[in-house]
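S.K.: When you get a sec, could you give me coordinates for this:
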Amino acid sequence: MDMIEIDGQAGGGQLLRSALSLSLCTGIGFSMQRIRAQRSRPGLMRQHLTAVLAAAEIGRAYVDGAQLGAMSLRFEPGTVTAGEYRFATGTAGSTTLVLQTLLPALWRCATPSRLLLEGGTHNPMAPSADFIADTYLPSLRKLGVQASLRLQRHGFYPAGGGVLHADVAPSQLRSIVLNERGERVGVEGVALLSALAAGIGRRELAVLGERLGLGEDALKLEPVRAPVGPGNAVLVRVRHDAHEETFAGYGERGMLAERVAENVAAQAAAYLDSTAYASEHLADQLLLPMALAGGGEFTTTTISEHLSSNARLIEKFLPVEIDWQPLAPQLWRVSVSS
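M.R.: Okay, the predicted model is just below:
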C-alpha cells in the first residue's frame, strides 16, 4: 500500500482529521509522527482518538497507535462501507470534529449513511453544532454534498452529554466559485444557557446589542431543556443573501459574561467589515471538499496557519494545487486547481 509520511508537530488535530478523511477517500495510507507535539497536552486526546477509531470502523482500516496520548499513528484504509453508526467521544469531546472527519468518505458511498454522535456539541476549539448546521453544511450543499444534521441534545464542556444525528447521501461534487455573499439580510445574537442563571445571558446579549447595533428583536435568550450540566454559549448569526456565518464563544469559570460576548462580537464585526464569503474558520474547512471536487475558489478574511498547513497536507494526497492572493485588506482569494 502507498504510504505518506506526515510530521504532525506543527499542526493540531485538524492535520490528523484531514489525513484520515483523505486516506479513506484515496485509499492511501499514512504514518503521522509527533502528533500535536507543540500543544500543551500533546498526542491524541479523546476526540482525536474517537475520530481515528470511527474512521477505522467505516473504512475497515488497520490502525497502529490508536490510544490516548499517542504521539504516532499508522493508518491503512480498507473499503469504506455506508451504514448506520454510533460513535461516542466521552465527556465533552467534540462530536462535530468526528462528523467532519467521516463526511467526505461517506458521501462518496453508493448508499446513504446515518450517524449517531454523542459527546460535546458546544465546546471551545471546535465548530459548534450550530456552525455545522447553519454555515458549513449549506456551503457544502453548493458543492453538491447531500448531508443534514439534527441536534437532539446540547452538550457543553465539561459535562458533554450531547447528541447529534447526521444523515449523509451519495453525492457528486462539482467545482464552484464562492466569492460573493450578497447583501446583508440581518444579524442575530443568541445566548444559550444550561443550568445557569438567566442574568448571565442577559448581560451577554446587552454587550452584543451595544457592539453590533442590535435591537431587542434580534437578541434571544434560550435556556437549554433537560440540561446535562452547566454551560453557556454565545452565538452571533450573520445572514447575507447567499451565505450565513455563525460565530460562537463559550462561558468559562472565572470569565466575565461581558468578556465572552465581547470576543464573539469582535469576530462578527471583523467579518462584517470585510466583503469575503468565508470566515477564517470556514475557509480551512472548505479546502478539502473543494479539492475532492477537483477545483474551486472562494474569498476569505484571512489566511490562517490552519488553512496553510491543511493546504499543504491536501496536496500530498490529491493532484491539486492550492494558492491564495490578497485582494484588499481583510480579503483574500483562495483557489484550488487540478
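
S.K.: Assess the claim that Pro230 and Leu196 are in contact.
M.R.: Yes: using CB atoms under 8 Å, Pro230 and Leu196 qualify as a contacting pair, with a distance of 5.4 Å. Glycine gets a C-beta too; all of them are placed from N, C-alpha and C.

S.K.: all helices of the stretch 151-300 of the chain, in order?
M.R.: Here the stretch 151-300 of the chain has its helices, by DSSP state H, counting those that start in this stretch, at 198-212, 257-272, 280-292.

S.K.: got the buried residues for the first one?
M.R.: Within helix 198-212, the residues that qualify as buried are 200-201, 203-209, 211-212, counting by 16 or more other CB atoms under 10 Å.

S.K.: How about the second one?
M.R.: By neighbour count, with 16+ other CB under 10 Å as the criterion, the buried positions of helix 257-272 are 257, 260-265, 267-269, 271.

S.K.: Show the contacting residues for the closest residue to Gly8 other than its chain neighbours.
M.R.: Distances taken as CB to CB, 6 or more residues apart in numbering place Ile35 nearest to Gly8, at 4.1 Å, with adjacent residues excluded. With contacts defined as CB atoms under 8 Å, 6 or more residues apart in numbering, Ile35 is in contact with 8, 16, 42-44, 48, 70-73.

S.K.: still on that earlier bit, can you put the buried residues of helix 198-212 in TSV and add distance to Gly93 and pLDDT?
M.R.: Shown next, in TSV, are the buried residues of helix 198-212 (distance: CB to CB, whole Å; pLDDT from 0 to 100):
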residue	distance to Gly93	pLDDT
Ile200	25	97
Gly201	25	97
Arg203	29	98
Glu204	25	98
Leu205	29	98
Ala206	32	98
Val207	29	98
Leu208	28	98
Gly209	33	98
Arg211	32	98
Leu212	31	98
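
S.K.: Can you flag which of the contacts of Ile35 belong to strands?
M.R.: Among these, the members falling in strands (DSSP state E) are Leu73.

S.K.: Now Gly201: closest residue in space, sequence neighbours ignored.
M.R.: Residue nearest to Gly201 in three dimensions, not counting chain neighbours: Ala191, with 3.4 Å by CB to CB, 6+ apart.

S.K.: partner residues bridging that neighbour?
M.R.: Beta-bridge pairing of Ala191 under DSSP bridges involves Leu221, Val234.
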